[in-house]
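[1] Okay, sequence plus prediction incoming.
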Amino acid sequence: MDLLYMGYFCNEQTFNELVESGSGSSHARQQLETKLLNGLIEEKKDNSIKVISYLPKIKTIYKEKGEKEVYKGIKIRHLWCDKNKLISVFFALKKNIELIKVWASKEGEKVILIYSANPIHIIPAFMLRKKFNLKIVTLCSEISIYRRKDKENIVTKISRQISHFWDGHFNGYILLSKYMNEVVNKKNRPYMIMEGISRDRKFAKNERNNNVVFYAGGLTEDNGIRILLDGFILLKDIQKELWICGDGPLKILVEKYEKKYENIRYLGLIENQRVQEIEEKVGLLIAPRFSGNLFTKYSFPSKTIEYLSSGTPTVLTRLKGIPDEYFSYVYLLEDETARGVCKLLEEIYAQNEKDRLEFARRAQDFVIKTKSERIQARRIWNFLKAIVKV
């Protein structure tokens, strides 16, 4: 079985350059795609995987990188596209059709795995499905109609509607949350629940700064950034520090708190590798996203498994898209207010440090043994093989 993976993936250096250029490329998506491809490549160990990747067209980066990259022996063909320019979208679609035709024309069973419902990928794939007898599966990372609309323009509105239309036409679905199935899989096609992917290996023990509470992610209201800041300053223990990294609408608020309080640090937008290094060396990780928002039912936050993989104690809220089994391995923020944050932090730090780290170690064992790159890739390969036979 030959696999064509269509997503947004690029080598880490290219990704970092795109982020620095202000492209808005998603750290969470890059991390998930990296772990996914690592597992698929390790499981397959031959040349039957091809990758076509959509990237935002930044002229200086495009000219330097060109249209081809290699990742762990796998060839990646890039589609550089400015989604705000119709002519750029047209040429990206045209190029994608050509690339799929070349791949599909060879003999053998063929399956396309598309990360999210990006029209640049799904339109060419579905145009050629009947001609080449292709099976098309989506890794549904989000529900298109529930995407954030704060930066929406006419192009993104059209893209959203196209994506929503095609949601119901795939041969199979790889979902992050069981609730996604009721929205996107109207024809009751085969599906599997993946949730997320953990790094395969445990990391060496590090010197920890147990006084540091760390948040990494989007700086938005629905991610609970305001209650995190206000709850932290209610702590009476001035030795504790709050470190925050990421970007978003509340960046100005975070910078304001940093100037006012000596024990709050804003690290800016930093590379994924550096984020993971910090996660392994601090005392506590926190993700106070509000659980009442509807979209949390139809998602599985990437930070859940990333945090648990680090071996550092973790605080989460009871999001509907996270299965209950995860909540046995985290500290739960049930009172999603500033005072709730403060009280929970006080309770956690009142515990013995050794007990906290043992709790975190069990969490790390859980995700590595059940959600590792190899384990998840094996599940996906078996699912795709079954789809091809349908």
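    Nice, I can see it.
[2] ok, which stretches of the stretch 101-250 of the chain are strands?
    Using DSSP state E, counting those that start in this stretch, the strands of the stretch 101-250 of the chain run over 110-115, 135-140, 172-175, 191-193, 209-216, 241-245.
[3] Now tabulate those strands in CSV and tack on distance to A338, mean pLDDT and mean neighbour count.
    Backbone N, C-alpha and C define where each C-beta goes, glycine included. As requested, the strands of the stretch 101-250 of the chain are exported to CSV (distance: least, Cβ to Cβ, whole Å; pLDDT from 0 to 100; neighbours: other Cβ atoms under 10 Å):
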stretch, distance to A338, mean pLDDT, mean neighbour count
strand 110-115, 37, 95, 24
strand 135-140, 34, 95, 24
strand 172-175, 34, 96, 23
strand 191-193, 34, 96, 18
strand 209-216, 14, 96, 20
strand 241-245, 13, 97, 21
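[4] Contacts for stretch 179-186, please.
    Counting contacts by Cβ atoms under 8 Å, 6 or more residues apart in numbering, the residues outside stretch 179-186 that touch it are 138, 140, 143, 145, 167-168, 173, 175, 191, 297-298, 320-321.
[5] Distance to L93 added to the strands of the stretch 101-250 of the chain, as TSV?
    Rendered in TSV, the data for the strands of the stretch 101-250 of the chain read as follows (distance: least, Cβ to Cβ, whole Å):
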stretch	distance to L93
strand 110-115	14
strand 135-140	16
strand 172-175	24
strand 191-193	27
strand 209-216	35
strand 241-245	36
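[6] Ok, which of those strands comes nearest E358?
    Taking Cβ to Cβ as the criterion, E358 comes closest to strand 209-216 out of the strands of the stretch 101-250 of the chain, the separation being 13.9 Å.
[7] name the helices or strands packed onto the closest one?
    For strand 209-216, the packing partners by 3 or more Cβ pairs under 8 Å, 6 or more residues apart in numbering; DSSP states H and E come out as helix 225-233, strand 241-245, helix 272-279, strand 282-287.
[8] Run the angle between the last one and strand 241-245 for me.
    Read that as strand 282-287. 50 degrees (axes from the mean of the first three to the mean of the last three Cα atoms, to 10 degrees).
[9] Direction included, what does strand 282-287 pair against?
    The strands beside strand 282-287 in its sheet (DSSP bridges) come out as strand 209-216 (parallel), strand 314-316 (parallel).
[10] Parallel or antiparallel, list what pairs with the helix or strand that comes right after the shortest one.
    Read that as strand 314-316. Taking DSSP states H and E as the definition, the helix or strand that follows strand 314-316 towards the C-terminus is strand 331-332. Within its sheet, and counting by DSSP bridges, strand 331-332 is paired with strand 314-316 (parallel).
[11] Just the residues contacting the partner strand, thanks.
    With contact meaning Cβ under 8 Å, 6+ apart, strand 314-316 is reached by 284-288, 304, 307-308, 322, 326-327, 329-333, 344-345, 348, 360, 363.
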